[in-house]
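A.B. asks: Below is the sequence, then the predicted model.
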Amino acid sequence: MILVILLGGVGTGIYYLPDTLLSKEVVENLTYTVSRGPIRISVAEQGTLESSDNTEIKCRVRGRNTVTWVVESGAIVQEGDELVRLDTKVIEENLSLQKTNVHEATATLEKTKTDAAQAQIAIDSFEEGRYTKGLKSREAAVERAQINLDASKEKYQQYRQLFKRGRVSELELDGSAFTVTQAELQLKVAETQLDVYKRYTRAMDLEQLKGRLNAHKSKLFADEAGLQMDMARRARAETELANCVITAPKSGLVIYPTAAAWRNTPDIAEGVSVSHDQVLLIMPDLDRMQIEIGIHEAIVDRVKAGLEAYVKLPDRELKAEVSEVATIAQPLGPWSGNVVKYDTIISLPDQDGLKPGMSAEVEVVLAEYDDVLYVPVSAVLETDQGHFCWIERDADPPKKQRVILGESNDIYVIVEQGLKEGEQVLLNPLELMEQEKVAGDDAYRGLSETVTYADEESVTEEPDSNE
């Protein structure tokens, strides 16, 4: 069984068609005269106009917020005009809370400042007042104890003299001696208290006061930082409240962002929830327009920056050029039909009346030939042995002829070898194959019997074997 393939498509693409697509009611011997002339090899794609320099209007409010009003797409606005309004209820409540927090933090900071000042004063008063007072009090206690000891010793000496004379009893003498011992102990206690106060109590009280001062200072720094944070939150809430009304940064046209291919609704509308940094609107520069198309992976290697392109718009036709070809393919998904394509940018000349969203038919010129042989793609079939045409003959059945093909477009394919200008080729060879009306193998003319274009006029037709 012979596999038959109909040539066609864009560039050098080949499309496979089942036999049932060609009806048996096609008029037999429908022919085309092989001709020489110019031919354009191109790829055609659909696209829409867009600006290459867009000013994006983004949502500057954190989290998600609801759109309460939005300007119509396509509106002409002036700088400062309102474009979008967002719901402010949550932000207003947050702003009120932050204002309260700022007042509370301010009060806390002032109290901490007072406590720190008091702690510093306590240190100064301790060194200049309390400590001196305590020191003098303990020194006076030592002096009193010393005076008391001296008096007790003097009295004891008097009692000893009186005892020798028998004027006091031994018990009274022992009581006077005990008084001396008690006075000595009181003096030692007073001296010890004075020494401890000088060496330890002063340092301990001073460190305690300094520690309290440092604690108040640390709390002061924390309260100042907390106040700054609350003030920053309040300022951010005020900014976000202001950002709920989005105005135009410049005068010009406003349009909605192009909806994603898998979405059924635009990204922005009244009642829609939007997120921070989301593009809400676009203000395109109408002086720098372009078209983004997708080029199939089979021919993307042939599409280069600088190639000519012809653009057909609803109201005009333009000559443009390819400015950029992506190196990474578009992401695949249900919306793409699993067809791998590469984004290609077509730059348009500056003209009035070009607007984003206009539909466009783009023809990218891959190659142009001035003088070549070509036939319709429907006149060529591919079998297991190669590509073939069937040449119409006056009295004999059509002759099967192998051909070597060059590039093709949607309609014609270049014939490099195998045919001569003026020959008649069948446009319905598949019909003839089904009806088995083609010539036998003895009618096959090999490629060695054909000539190149330069030698074509010198060729003499080989007589048929049937003659």
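C.D. replies: Thanks, I have the structure now. Numbers count the residues shown, from 1 in each chain.
A.B. asks: Could you chop the chain up by domain?
C.D. replies: Domain assignment of the chain by automatic domain parsing yields the ranges 5-41+374-458, 55-86+244-284, 90-242.
A.B. asks: Reformat the ones you listed into a markdown table and put mean pLDDT and mean neighbour count next to each item.
C.D. replies: The way it works is simple: take the backbone N, C-alpha and C, and place the C-beta from them, glycine included. Below are those laid out as a markdown table (pLDDT from 0 to 100; neighbours: other C-beta atoms under 10 Å):
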| stretch | mean pLDDT | mean neighbour count |
| --- | --- | --- |
| domain 5-41+374-458 | 69 | 16 |
| domain 55-86+244-284 | 87 | 15 |
| domain 90-242 | 88 | 15 |
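A.B. asks: how about those in JSON lines, adding distance to Ile299?
C.D. replies: Output for the domains of the chain, formatted as JSON lines (distance: least, C-beta to C-beta, whole Å):
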{"stretch": "domain 5-41+374-458", "distance to Ile299": "4"}
{"stretch": "domain 55-86+244-284", "distance to Ile299": "22"}
{"stretch": "domain 90-242", "distance to Ile299": "50"}
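A.B. asks: of all those domains, which lies closest to Ile291?
C.D. replies: Ile291 sits nearest to domain 55-86+244-284 of all the domains of the chain, at 12.6 Å, using C-beta to C-beta.
A.B. asks: what about that closest one, how long is it end to end?
C.D. replies: 6 Å (C-alpha to C-alpha, to the nearest Å).
A.B. asks: i'd like the first residue to be 3 from this point on
C.D. replies: Shifting the count to begin at 3 puts that one at domain 57-88+246-286.
A.B. asks: what's the offset of that domain from the middle of its chain?
C.D. replies: 18 Å (C-alpha atoms, centre = their mean, to the nearest Å).
A.B. asks: Stretch 218-227 too?
C.D. replies: Distance of stretch 218-227 from its chain centroid, counting by C-alpha atoms, centre = their mean, is 40 Å.
A.B. asks: who touches it?
C.D. replies: With contact meaning C-beta atoms under 8 Å, 6 or more residues apart in numbering, stretch 218-227 is reached by Ala107, Thr110, Leu111, Thr114, Lys115, Asp117, Ala118, Ala121.
A.B. asks: for the third one, what are its contacts?
C.D. replies: Looking back up the chat, that one is Leu111. With C-beta under 8 Å, 6+ apart, Leu111 has these contacts: Leu222, Asp225, Glu226, Gly228, Leu229.
A.B. asks: now the last one
C.D. replies: With C-beta under 8 Å, 6+ apart as the criterion, the residues that contact Ala121 are Leu211, Arg214, Leu215, Ala217, His218.
A.B. asks: now do 7 Å
C.D. replies: Contacts for Ala121 (C-beta atoms under 7 Å, 6 or more residues apart in numbering) come out as Leu211, Arg214, Leu215, His218.
A.B. asks: repeat for the second one
C.D. replies: For Thr110, the contact set (C-beta under 7 Å, 6+ apart) comprises Asp225.
A.B. asks: could you redo the last one with a cut-off of 8 Å?
C.D. replies: Contact analysis of Thr110 by C-beta under 8 Å, 6+ apart lists Asp225, Gly228, Leu229.
A.B. asks: circling back to that earlier point, looking at the contacts of stretch 218-227, which is nearest Lys422?
C.D. replies: If you rank these by distance to Lys422 using C-beta to C-beta, Ala107 comes first, at 96.2 Å.
A.B. asks: Touching, the closest one and Gly228? I think so.
C.D. replies: Yes - taking contacts as C-beta atoms under 8 Å, Ala107 lies within contact range of Gly228: 5.2 Å.
A.B. asks: circling back to that earlier point, take the contacts of Ala121 and keep only those in helices.
C.D. replies: Leu211, Arg214, Leu215, His218 (DSSP state H).
A.B. asks: Could you single out the nearest of these to Val170?
C.D. replies: So of those, ranked by how close each gets to Val170 (C-beta to C-beta), first place is Leu211, at 55.0 Å.
A.B. asks: Next, work out how far apart that closest one and Ser220 are.
C.D. replies: According to C-beta to C-beta, to the nearest Å, Leu211 and Ser220 sit 15 Å apart.
A.B. asks: Please apply the same query to Arg201.
C.D. replies: Distance of Arg201 to Ser220, given as C-beta to C-beta: 29 Å.
A.B. asks: that older thread, and which of the contacts of Leu111 is nearest Leu175?
C.D. replies: Leu222 (68.2 Å).
A.B. asks: ok so the closest one is a strand residue?
C.D. replies: No - the assignment for Leu222 (DSSP: H, G, I helix; E, B strand; the rest coil) gives helix, which keeps it out of a strand.
A.B. asks: so how far is Leu111 from it?
C.D. replies: Leu222 is 7 Å from Leu111, by C-beta to C-beta.
A.B. asks: Please apply the same query to Leu243.
C.D. replies: Leu243 sits 25 Å away from Leu111, going by C-beta to C-beta.
A.B. asks: need the helices for this protein, in chain order.
C.D. replies: 91-127, 133-167, 172-198, 204-245, 431-437.
A.B. asks: could these be laid out in a markdown table, adding distance to Val342?
C.D. replies: Compiled in a markdown table, these are given as follows (distance: least, C-beta to C-beta, whole Å):
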| stretch | distance to Val342 |
| --- | --- |
| helix 91-127 | 45 |
| helix 133-167 | 89 |
| helix 172-198 | 93 |
| helix 204-245 | 41 |
| helix 431-437 | 30 |
